[in-house]
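K.L.:
coordinates for the following, if possible.
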Amino acid sequence: MNPTERRNARHYALQAMYQWQLSDTPVNEIESEFLFRQIKKKVDLEYFKELIHAIPSMADELDNHMIPFLSRPIQELDPIELAILRLSIYELSYRSDIPYRVTINEALEMTKKFGSVEGYKFVNGILDKIARKLRPHEVAAGKK
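P.N.:
From the prediction side, this is the model:
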């Protein structure tokens, strides 16, 4: 696993999820568009495909992890921040091979790059709470 290629996979997956959320275009069409027209950098294609197929199929489950921690209805979230949260919650839930700190750091970097000016604070607060819930032993070990 190349960290740069994994990071690029997350960035492209974020853009694909944003498109899916706003247009409701079938994931297979979005995948084809990205593979043939959008992806210009070296990318972990397997991880990109995993993310763009898993996240839409699990969106309700992923959303249910964040809803208890939201101060407003999920429909009012910035679409980029929603896509970042879903991607990150997927990693926290299903990719225990990725340390929770890496997931949160990548989410913050994407939010700073693509999200609203102060969006990273919101994303950090939500993901920190979800990490404590989904990976309590890893979070506790990290605080020692």
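K.L.:
give me the neighbour count for Ser23.
P.N.:
10 (other C-beta atoms under 10 Å). Any C-beta I mention is one placed from the backbone N, CA and C, and that applies to glycine too.
K.L.:
actually Leu70, not the one I wrote
P.N.:
So Leu70, with other C-beta under 10 Å, has 14 neighbours.
K.L.:
and for Met17?
P.N.:
25.
K.L.:
swap in the one 5 residues further on?
P.N.:
Around Leu22 there are 10 other residues, counting by other C-beta under 10 Å.
K.L.:
where's the nearest residue in space to it that is not next to it in sequence relative to Ser23, distance?
P.N.:
Once flanking residues are discounted, Leu22 sits nearest to Pro79: 6.1 Å by C-beta to C-beta, 6 or more residues apart in numbering. Per C-beta to C-beta, to the nearest Å, Pro79 is found 11 Å from Ser23.
K.L.:
then Tyr94?
P.N.:
Counting by C-beta to C-beta, the gap from Tyr94 to Ser23 is 25 Å.
K.L.:
now stretch 79-92, how far from the chain's geometric center?
P.N.:
Here stretch 79-92 is found 3 Å from its chain centre; the criterion is C-alpha atoms, centre = their mean, to the nearest Å.
K.L.:
pull out the buried positions in that stretch.
P.N.:
80-92 (16 or more other C-beta atoms under 10 Å).
K.L.:
all the strands of the protein, residue numbers only.
P.N.:
Taking DSSP state E, the chain contains no strands at all.
K.L.:
by mean pLDDT, which helix or strand of the protein comes out lowest?
P.N.:
helix 136-142 (a mean of 88; mean pLDDT, DSSP states H and E).
K.L.:
same for that helix, what does it pack against?
P.N.:
Applying 3 or more C-beta pairs under 8 Å, 6 or more residues apart in numbering; DSSP states H and E, we find helix 136-142 packed against helix 100-114, helix 119-134.
K.L.:
sorry, back to before: I'd guessed the residue nearest to Leu22 sits against Tyr18; true?
P.N.:
Yes. Contact between Pro79 and Tyr18 holds when scored by C-beta atoms under 8 Å: they sit 5.8 Å apart.
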